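K.L.:
This is the structure alone, sequence omitted:
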């Protein structure tokens, strides 16, 4: 996978991140590959939440440089709400990609299947999903929910797993 070219602004921070020594204006951004970053803005530039900004190697209009990765726990309440909204949008718009991932995930080791990392997916549900996908690969979130008779929503579970992976507390990554 190549470097991300674009990202969405989740939050504009006119004085930088709260616990940082660097008090220059910055923005929390979410890349297309779901990397959560803090970026320094160019002088006299402000950005609005939701704006798509260029972060590639060529001339950038708003972003001066990428400061580094950030975890959701470092975000303000506004930033966290914005993150959840954009993760939902990305998971919704890329249904084929995420359903394809569900169709191809395998075992991590003899005791743990990657599907078990998704919130709400225990051993029994994982076994049922594996049996169902052998019969016929899944084609949509709705089909997964219906064939597994899920009381929860698989799309929401995927979103939850993505947010967990962004916290970097688990060594296993399946979506980010």
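P.N.:
Right, received. Where do you want to start? Quantities reported herein were computed from a predicted structural model and do not represent experimental measurements.
K.L.:
what are the phi and psi values for residue 64?
P.N.:
Main-chain torsions, residue 64, degrees, to the nearest 10: phi -80, psi -50.
K.L.:
again but with residue 113, I slipped
P.N.:
When read as degrees, to the nearest 10, the backbone of residue 113 gives phi -100, psi 140.
K.L.:
contacting residues for it?
P.N.:
Neighbour list for residue 113: 105-107, 123, 126, 130 [criterion: Cβ atoms under 8 Å, 6 or more residues apart in numbering]. (C-beta placed from N, C-alpha, C; glycine too.)
K.L.:
mind running it again at 7 Å?
P.N.:
107, 126 (Cβ atoms under 7 Å, 6 or more residues apart in numbering).
K.L.:
Who does it form a beta bridge with?
P.N.:
residue 107 (DSSP bridges).
K.L.:
quick one: it from residue 45, how far?
P.N.:
46 Å (Cβ to Cβ, to the nearest Å).
K.L.:
before we move on, what about residue 6?
P.N.:
Using Cβ to Cβ, we find residue 6 at a distance of 16 Å from residue 45.
K.L.:
Looking at the two, which one has more neighbours?
P.N.:
residue 45 (16 against 12; other Cβ atoms under 10 Å).
K.L.:
That one in helix, strand or coil?
P.N.:
Following DSSP: H, G, I helix; E, B strand; the rest coil, we place residue 45 in the coil state.
K.L.:
Do I have it right that it meets residue 62?
P.N.:
Yes - with contact defined as Cβ atoms under 7 Å, residue 45 counts as touching residue 62 (5.0 Å).
K.L.:
Can you get me the start-to-end distance on stretch 109-123?
P.N.:
With Cα to Cα, to the nearest Å as the measure, stretch 109-123 spans 14 Å from end to end.
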